[in-house]
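*Asks:* A structural model of the following input is requested.
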Amino acid sequence: MELWIPITIAAAFLQNIRSSLQKHLKGVMGTTGATFSRFGFGVPVALFYWCLLIWGFEYEIPGLSWYFIIWLVVGALAQIGATFLLIYLFSFRNFTVGTAYSRTEPMQTAIFAFVLFGTQFNQNAILAICIAVVGVMVISVARTKVTPLSLITSVFSRTALIGLAAGTLFGLAAVGFQQAARSVGSEYFIVQAATTLLVGIIFQTVVMLVYMVWKNPDEIGHIRKAWKPALLVGIAGATATFGWFSAFTLQQAAIVKVLAQVEMLFTFASSVFIFKESVNKLEVLGCVLIVCSIIVLTLFA
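*Replies:* So this is what the prediction gives:
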């Protein structure tokens, strides 16, 4: 088994935990505060990982270039915007369609990779991407009255456009971070990932902090009151991101994002085995499609 596969699965599992915690934060603070928690409380974790590698395992301090800085800024800002939009969707009563469209991220990542860098994908990889996107969209709308026809006709609704925008920004963030990580001056992928994580998350924290002080200073008080769950969000988020960046250095971002849809299976399993919720045929179909996409990706792509 290629190393990027277990790394991606572990990152998806941690992201599922982070997303669950972040939804809870949305109930005690605003969208900006919940978005900031992912980054601000992840800085100590990122710093720990980097210091452990450099001084604990005695890897050399890597060199950075302007190419790294440019693509890191692109990825970091895109990820902030995508996270903000995704959390903002939860404030809509009919957020389901928007969430479904945000799951087009793997497809949009592939498009960005092709347009910006000429990345080529074989037919099986493209098939896996398409199957995964359909699978996660089916699961996203499985417990609503949304039909396949209404999902298509609602593409210009407010929630759908917000979801598509979130997926676009997540896709841009993925290719941006991949370019940044691969340009880090180290032959070790784990050092490339840790360095990209540390610099990126510090930059994102500063941007978010400046924005909150300028636009919404009350959020700082809300974050302070809910620091314990926010810290858990930061730990899970930073660790998951470390996994994503590690996988990005080993495999194309779009391919990583396809396997990352295994996160939906973790969410599905939690609802069934932990919360004892019933399942319907569409949810089962969605899970089957995701499994099929992973099989196509890992065996044939």
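
*Asks:* report the helix or strand with the lowest average pLDDT across the protein.
*Replies:* Using mean pLDDT, DSSP states H and E, the weakest-scoring helix or strand in the chain turns out to be helix 148-153, at a mean of 67.

*Asks:* how many other residues sit next to the closest residue to Gly171 other than its chain neighbours?
*Replies:* Among residues not flanking Gly171 along the chain, Gln108 sits closest, at 3.4 Å (Cβ to Cβ, 6 or more residues apart in numbering). Placement of C-beta: from N, CA and C, glycine included. A count of nearby residues for Gln108, using other Cβ atoms under 10 Å, gives 24.

*Asks:* kindly report the same for the one 4 residues further on.
*Replies:* Burial of Phe112 is recorded as 21 neighbouring residues (other Cβ under 10 Å).

*Asks:* quick check, it in contact with Leu169.
*Replies:* No - judged on Cβ atoms under 8 Å, Phe112 makes no contact with Leu169 at a distance of 10.4 Å.

*Asks:* so how many other residues sit close to Pro6?
*Replies:* Using other Cβ under 10 Å: Pro6 sits among 12 other residues.

*Asks:* in a helix, it, correct?
*Replies:* Yes - according to DSSP: H, G, I helix; E, B strand; the rest coil, Pro6 belongs to a helix.

*Asks:* what about it, distance to Ser246?
*Replies:* Look at Pro6 and Ser246: by Cβ to Cβ, to the nearest Å, they are 10 Å apart.

*Asks:* same thing with Arg143?
*Replies:* Separation of Arg143 from Ser246 (Cβ to Cβ): 34 Å.

*Asks:* which one of those two has more residues nearby?
*Replies:* The neighbour count for Arg143 versus Ser246, taken as other Cβ under 10 Å, is higher for Ser246 (25 against 15).

*Asks:* is it true that the more buried one touches Val191?
*Replies:* No - contact between Ser246 and Val191 fails when scored by Cβ under 8 Å: they sit 10.0 Å apart.

*Asks:* please report how far Val262 lies from Phe170.
*Replies:* Counting by Cβ to Cβ, the gap from Val262 to Phe170 is 16 Å.

*Asks:* these two - which one has more neighbours?
*Replies:* Neighbours were counted for Val262 and for Phe170 using other Cβ under 10 Å; Phe170 has more, 24 against 21.

*Asks:* if I pick the more buried one, what's in contact with it?
*Replies:* Phe170 makes contacts with Ala78, Gln79, Ala82, Ser102, Glu105, Gln108, Thr109, as judged by Cβ atoms under 8 Å, 6 or more residues apart in numbering.

*Asks:* helix or strand: which one has it?
*Replies:* Per DSSP states H and E: Phe170 is located in helix 158-183.

*Asks:* now Phe242, nearest residue through space, not along the chain?
*Replies:* Leu197 (5.1 Å).

*Asks:* low-confidence regions, the chain specifically.
*Replies:* For the chain, the stretches flagged by pLDDT under 70 are 26-27, 93-96, 146-154, 274-275, 277, 301.

*Asks:* can you name the farthest residue from the center of it?
*Replies:* Here the centre of the chain is the reference, and by Cα atoms, centre = their mean the most remote residue is Glu58, at 30.0 Å.

*Asks:* from Cys51, how far out is that one?
*Replies:* For Glu58, the distance to Cys51 - Cβ to Cβ - is 12 Å.

*Asks:* on the three-state scheme, Lys276 is what?
*Replies:* Following three-state DSSP, the label given to Lys276 is coil.

*Asks:* for burial, what's the neighbour tally of it?
*Replies:* Neighbours of Lys276 under the rule other Cβ under 10 Å: 7.

*Asks:* in contact with it, which residues?
*Replies:* Counting by Cβ under 8 Å, 6+ apart, Lys276 has no contacts.

*Asks:* ok, now the one 4 residues further on?
*Replies:* Listed by Cβ under 8 Å, 6+ apart, the contact set of Asn280 reads Ala142, Arg143.

*Asks:* would you report the backbone torsion angles of it?
*Replies:* Here is the backbone geometry of Asn280 (degrees, to the nearest 10): phi -120, psi 180.

*Asks:* how near is it to Glu187?
*Replies:* 49 Å.

*Asks:* next: Leu285.
*Replies:* Distance, Leu285 to Glu187, by Cβ to Cβ: 44 Å.

*Asks:* who has more neighbours, the two?
*Replies:* Neighbour totals were compared for Leu285 and Glu187, and Leu285 leads with 15 against 10 (other Cβ under 10 Å).
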